[in-house]
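S.K.: Task: produce atomic coordinates for the following.
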Amino acid sequence: MKKALKRAEPPVVRVAPRTGVDASLNSLSRLSIIAIGLIAIFTALDQTQSLLAPLSLAFVTGLMASPVSNILEKLMPAPLAAALVVLLFLAFIGSVITLFSMPLSIWTDRLPEIWQEMQRHLLDWRTVFDTLGGVQEQIRTISGGKAQMTVDIADTSAVEEIATLAPTIAAQIILYLASLYFFLATRNTIRASILSLCATRRTRLHTARMFRDAEWFVSRYLLSITVINAGLGLATALAMWALGVQQPYLWGMLAFLLNYVVYIGPALMAFILLGVGLATWDYPPAIFFPMASFLVLNMIEAQFVTPSVIGRSVTLNPFFVFLSLAFWIWLWGPIGGLLAVPFLLIGFAVLRNTNVLAKR
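M.R.: Below is the predicted model:
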C-alpha cells in the first residue's frame with residue numbers, strides 16, 4: 001500500500017516563467033543572489049585580513065619552497081626538512097634586514113635635504129609651468145612663496161602607534177612562520193586527504209593534476225622571478241655604482257624587492273631614484289640619471305627577459321594581472337600586492353583542470 005501511495009505522488013514540475021517580465025525578474029533575482037554572495041565574500045576577506053593574509057602568504061611561500069623541500073625530504077624526514085626550509089628563510093630575511101638597516105638610516109636623515117632640493121628645482125622650473133593655468137600659484141605655494149610647507153613629526157604619536165601595532169605584527173609573523181612550517185611538513189598528507197574525498201577515479205585524477213599544476217605554476221613563477229629580480233638588482237647596483245651614487249647595493253636590494261609587485265614596485269623605485277638624483281646632483285640633467293638608468297634596465301627585464309623565461313610556460317593576460325593587483329592591494333595592502341599574481345596562477349590552474357573535467 002505504501003509503495004502504491006509513493007508511486008501515485010505527482011512528479012515535481014518546474015514551472016517556466018509565463019511572460020518576459022517574469023523571466024527578467026527571475027534572472028535579476030539570481031544576479032542579486034550572486035552579488036550578495038560576492039559582497040559577503042569581500043567583506044569576510046576584509047574583516048579577516050589579520051588571519052587570512054599571513055596564512056595565504058605562508059601557503060604561497062610553501063608552494064614556492066616545495067621543490068627545495070622535496071629535495072631535502074629525500075635526505076631527511078619531512079618535519080626536519082620543513083624546519084630547515086623555515087630556518088633558511090628566516091636567515092635570508094634577517095640578512096636582508098641587516099643589510100638594509102644602516103644605509104636606510106643614512107638616507108632617512110637626508111630626507112629633509114632631498115625635499116629642499118625638490119622645492120628648489122620646482123622653483124627653478126616655475127617659468128616652464130607659467131603657461132598652464134593655475135599651476136604657478138601651486139608652485140609658489142610648494143616652494144614657500146605664500147604658504148611654506150612644513151613637516152611636523154610627533155614623536156609621541158609615532159611611539160604610541162608602534163607600541164600598538166607591535167603585538168599585532170609579531171602575532172602575524174609567528175602565525176606566518178608556524179603556518180609555513182606545518183604546510184611544508186604536512187602538504188603531502190593534506191593532498192592525500194583531499195584526494196580521498198573524490199568519489200570517482202577521474203575526479204581524483206583531475207584533482208591531483210590541479211594540485212600539481214598549481215604547485216608547478218606558482219613555484220616556477222616565484223623561483224624564476226626571484227632569479228630575474230636578483231639580476232635586475234645586481235644590474236641596478238652596478239648602474240648606481242657607475243653613476244657614483246652612495247650605497248649602490250642598497251638600491252640594488254630595493255629594486256630586487258620592489259620588483260615582486262608588478263607595475264607599482266618599479267614605478268615606486270623610479271620615484272625613489274628621482275629623490276636620490278636630487279640629493280646627489282645639483283644640475284637638472286644629472287638628477288634624472290639614476291631614474292633613467294633603472295627605467296632602461298626595467299624595460300629590458302619586463303619586455304625581453306621575463307617573457308622569455310616565464311611566458312613560454314604560463315601566459316597571463318596583462319589586463320587580468322592588473323585587475324588582480326588592484327583588487328588585492330585594495331583589499332590587503334602590500335601583502336595583497338605580493339599575492340596577486342600567485343593567486344591568479346592558482347585560479348588559472350583550477351579553471352584549466354575544471355574545464356577539462358567538464359568537457360569529459
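S.K.: ok, now how distant is residue 286 from residue 296?
M.R.: 16 Å (C-beta to C-beta, to the nearest Å). C-beta here means a position set from N, CA and C on the backbone, and glycine is covered the same way.
S.K.: With residue 331 instead?
M.R.: Applying C-beta to C-beta to residue 331 and residue 296 gives a distance of 33 Å.
S.K.: swap in residue 202?
M.R.: Distance, residue 202 to residue 296, using C-beta to C-beta: 51 Å.
S.K.: Contacts for the strand or helix carrying residue 56 next, please.
M.R.: Assessed by DSSP states H and E, residue 56 sits inside helix 49-73. The contact list for helix 49-73, computed with C-beta atoms under 8 Å, 6 or more residues apart in numbering, reads 45, 78, 81-82, 84-85, 89, 168, 172-173, 175-177, 179-180, 183-184, 187, 214-215, 218-219, 222-223, 331-332, 335-336, 338-339, 342-343.
S.K.: Could you tell me which residues within it count as buried?
M.R.: 49, 52-66, 68-70, 72-73 (16 or more other C-beta atoms under 10 Å).
S.K.: Please apply the same query to stretch 205-224.
M.R.: 206-208, 210-211, 213-222, 224.
S.K.: Quick one: mean pLDDT for the strand or helix carrying residue 339?
M.R.: Following DSSP H and E, one finds residue 339 within helix 334-359. Mean per-residue pLDDT for helix 334-359: 80.
S.K.: I'd like to know which elements that helix is packed against.
M.R.: helix 49-73, helix 201-243, helix 318-332 (3 or more C-beta pairs under 8 Å, 6 or more residues apart in numbering; DSSP states H and E).
S.K.: Next, the angle helix 49-73 makes with the second one.
M.R.: What it means is helix 201-243. 90 degrees (axes from the mean of the first three to the mean of the last three C-alpha atoms, to 10 degrees).
S.K.: What is helix 201-243 packed up against?
M.R.: helix 49-73, helix 155-196, helix 248-258, helix 289-300, helix 306-310, helix 334-359.
S.K.: other SSEs contacting the longest one?
M.R.: Think helix 155-196. helix 49-73, helix 78-109, helix 201-243.
S.K.: from the chain's centre, how far out does that helix sit?
M.R.: Centroid separation between helix 155-196 and its chain, computed with C-alpha atoms, centre = their mean, to the nearest Å, is 17 Å.
S.K.: okay, now the spatially closest residue to residue 330 that is not a sequence neighbour: neighbour count?
M.R.: Among residues not flanking residue 330 along the chain, residue 336 sits closest, at 7.5 Å (C-beta to C-beta, 6 or more residues apart in numbering). Look at residue 336: counted by other C-beta atoms under 10 Å, it has 23 neighbours.
S.K.: so residue 336 makes contact with residue 342?
M.R.: No - between residue 336 and residue 342 there is no contact under C-beta atoms under 8 Å: 10.9 Å.
S.K.: what's near enough to touch the closest residue in space to residue 214 that isn't next to it in sequence?
M.R.: Closest residue to residue 214 apart from its sequence neighbours, by C-beta to C-beta, 6+ apart: residue 349 at 4.1 Å. Applying C-beta under 8 Å, 6+ apart, one finds that residue 349 lies in contact with 210, 213, 214, 217.
S.K.: could you redo the last one with a cut-off of 10 Å?
M.R.: 209, 210, 211, 212, 213, 214, 215, 216, 217, 218, 314 (C-beta atoms under 10 Å, 6 or more residues apart in numbering).
S.K.: what packs against whatever helix or strand residue 35 lives in?
M.R.: In this assignment (DSSP H and E), residue 35 forms part of helix 20-47. Helix 20-47 is packed against helix 49-73, helix 318-332, with contacts defined by 3 or more C-beta pairs under 10 Å, 6 or more residues apart in numbering; DSSP states H and E.
S.K.: Could you identify the helix or strand that succeeds the helix or strand harbouring residue 276?
M.R.: Element membership for residue 276 (DSSP H and E) is helix 264-280. Next helix or strand after helix 264-280 toward the C-terminus (DSSP H and E): helix 284-287.
S.K.: quick one: that next one to chain centroid distance?
M.R.: On C-alpha atoms, centre = their mean, the centre of helix 284-287 falls 33 Å from the chain's centre.
S.K.: got any ranges where the stretch 201-350 of the chain has weak pLDDT?
M.R.: 311-315 (pLDDT under 70).
S.K.: From residue 228, how far out is the closest residue to residue 251 other than its chain neighbours?
M.R.: Distances taken as C-beta to C-beta, 6+ apart place residue 240 nearest to residue 251, at 4.9 Å, with adjacent residues excluded. Computed with C-beta to C-beta, the distance linking residue 240 and residue 228 is 19 Å.
S.K.: low pLDDT regions in the stretch 1-150 of the chain?
M.R.: Looking along the stretch 1-150 of the chain with the criterion set at pLDDT under 70, you get 1-22, 103-107, 109-111, 113-150.
S.K.: ok, residue 331 and residue 296, which is more surrounded?
M.R.: A direct count of neighbours by other C-beta under 10 Å for residue 331 and residue 296 places residue 331 higher, at 17 against 12.
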